[in-house]
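J.: next comes the sequence, and after it the predicted model I'd like to discuss.
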Amino acid sequence: MSLSVLRHPDFDRTKYGSSTVNIHAGEPRDAYGALVPPIYQTSTFYFDSTDDAVKACDDYAESFAYSRITNPSNDYFEKKIAAAEHGLGAVSYASGMGAVAGAIFMSVRAGDHALFCKAKYSGTEDITRDFLPRFGVEVGDFDPQDLETLKDGIKDNTKLIYVESPANPTMVMADIAAISAIAHEHGIKVGVDNTFATPYNTNPLDLGADWVVQSVTKYIGGHGDLLGGAIISNDEGFLRDCRLGTLMHFGAVMAPQIAFLATRGLKTLAVRMKQYNTNALQIAQYLEQHPKIDIVRYPFLPSNSQYELAKRQMRGGGGMLSFDVKGGLEAGKTFINHLKLCTLAVSLGDTETLVEQAAAMTHTMIPREVREAAGITDGMIRMSVGLEDPEDIIADLDQALAVV
């Protein structure tokens, strides 16, 4: 925003590491010298003259006039998340799905066609399968592991290609650079949900994506105590359209208190992700060698068919993995019901280790045939590895598997 005064106006995020950027980028200069900026708990802003009011209302996107559009607390967070994702700007939303819907609906209109990766979060699946067709948008899908299916799916009216990498809950990777190259040859925009990887592990904008969405609820917030989302891009015109379009008129606005918490979470993202990366790899290795586990899906396992892509595109494998217990759905239920330390819950990216059966919980609204086509098995267990000592997590998994 034009009214923000920065403490480090010449800060160049390209000269610093991830932790330094998350801590120092976008820091505002407080009028009273407060190291931590206050929460601007206000719905509206006053003006000293009608001329000032007219100027502000003439360009809501660049002024503080009404908190449904801009607020200093949200602006503070947006500057930080933009720097973390290597973007020029960001728009914050009240939830991850607010951001996903906001970005998608600003990218397509009636008569357009959009392509989505097969496996994706259930809320995004609902948008593609139900809501976009209601508004005259044609939808198709493709397998990110086979880019010929992407090329075959492109039409003259294709305007958007959307991927998750890794995908929820299959952990399938998308070659963002290759997909972006194909898309841009046809003048198509690319959107990436970077929630699982986080900006610590992957920066899709550097790989050619046009915009990125984050469910701030997850790793950015990091403590399971907020809901939020963000769109990040180097296309400032697109971000302006999102702010004055889907944010302003759909009303999925992040509250100032949430922006404060999300900013606090972002400052510790790098140190948390280092531990998530370490813990998850150790647990994936343990599960892979266990005789009662059928398959483990984790990007940084050498046995993963996309291991080379993961090493090329990610700095670490992240904190998410999925696996199948031998015996399918019922064996998986027995395993989960005997866990003592790990918690049965939806969501992810918390300090606690969370497990769930995707087909019966987060993805239960998706028809079985659609789930199976996307590689989501009935017995698949999704695990958000926490920050507990990995030996304690493994001990809990071990005692629960002994019962199966």
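T.: The structure has been received and is ready for your questions. What you are looking at is a predicted structure, and each value in this text was computed from that prediction instead of being measured.

J.: pull the helix or strand with minimum mean pLDDT from this protein.
T.: Using mean pLDDT, DSSP states H and E, helix 368-373 stands out as the lowest-scoring helix or strand of the chain, at a mean of 79.

J.: what residues of stretch 171-181 count as buried?
T.: Met171, Val172, Met173, Ala174, Asp175, Ile176, Ala177, Ile179, Ser180 (16 or more other Cβ atoms under 10 Å). Every C-beta, even on glycine, is put in place using the N, C-alpha and C of the backbone.

J.: the residue lying closest to Ala82 once chain neighbours are set aside in helix, strand or coil?
T.: Distance criterion Cβ to Cβ, 6 or more residues apart in numbering; nearest residue to Ala82, sequence neighbours excluded, is Ala90 at 4.1 Å. Following DSSP: H, G, I helix; E, B strand; the rest coil, the label given to Ala90 is strand.

J.: would you confirm that Ala90 contacts Gly228?
T.: No: shown here, Ala90 and Gly228 do not form a contact pair, counting by Cβ atoms under 8 Å, at 11.5 Å.

J.: got a list of what Gly328 touches?
T.: By Cβ atoms under 8 Å, 6 or more residues apart in numbering, the contact set of Gly328 is Thr377, Asp378, Gly379.

J.: cool, Val271 as well?
T.: Ser19.

J.: check it and give its pLDDT.
T.: Note for Val271: predicted pLDDT of 98.

J.: the strand or helix carrying it: what's the following helix or strand?
T.: Val271 belongs to helix 269-288 when assigned by DSSP states H and E. Proceeding N to C from helix 269-288, the next assigned helix or strand is strand 293-297, under DSSP H and E.

J.: could you list the buried residues of the helix or strand just after that following strand?
T.: Tracing the chain past strand 293-297, the next element assigned as helix or strand by DSSP H and E is helix 307-313. Of the residues in helix 307-313, Tyr307, Leu309, Ala310, Gln313 count as buried by neighbour count, 16+ other Cβ under 10 Å.

J.: need the mean per-residue confidence for helix 307-313.
T.: Averaging pLDDT residue by residue across helix 307-313 gives 98.

J.: convert that helix to PDB, retaining C-alpha atoms only.
T.: The C-alpha trace of helix 307-313 is given here as PDB (Å, rounded to 0.1, in the frame of the first residue of the first chain):
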ATOM      1  CA  TYR A 307      12.400 -38.700  -6.500                       C
ATOM      2  CA  GLU A 308      14.600 -36.900  -9.100                       C
ATOM      3  CA  LEU A 309      11.900 -34.300  -9.800                       C
ATOM      4  CA  ALA A 310      11.500 -33.800  -6.000                       C
ATOM      5  CA  LYS A 311      15.200 -33.300  -5.500                       C
ATOM      6  CA  ARG A 312      15.300 -30.800  -8.400                       C
ATOM      7  CA  GLN A 313      12.200 -28.900  -7.400                       C
END
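
J.: centre-most residue in the chain?
T.: Central residue of the chain (Cα atoms, centre = their mean): Thr195, 2.2 Å from the mean position.

J.: got phi/psi on the closest residue to that one other than its chain neighbours?
T.: The spatial neighbour of Thr195 that comes closest, neighbours along the chain excluded (Cβ to Cβ, 6+ apart), is Ser215 at 4.5 Å. Note on Ser215: its backbone torsions stand at phi -80, psi 100 [degrees, to the nearest 10].
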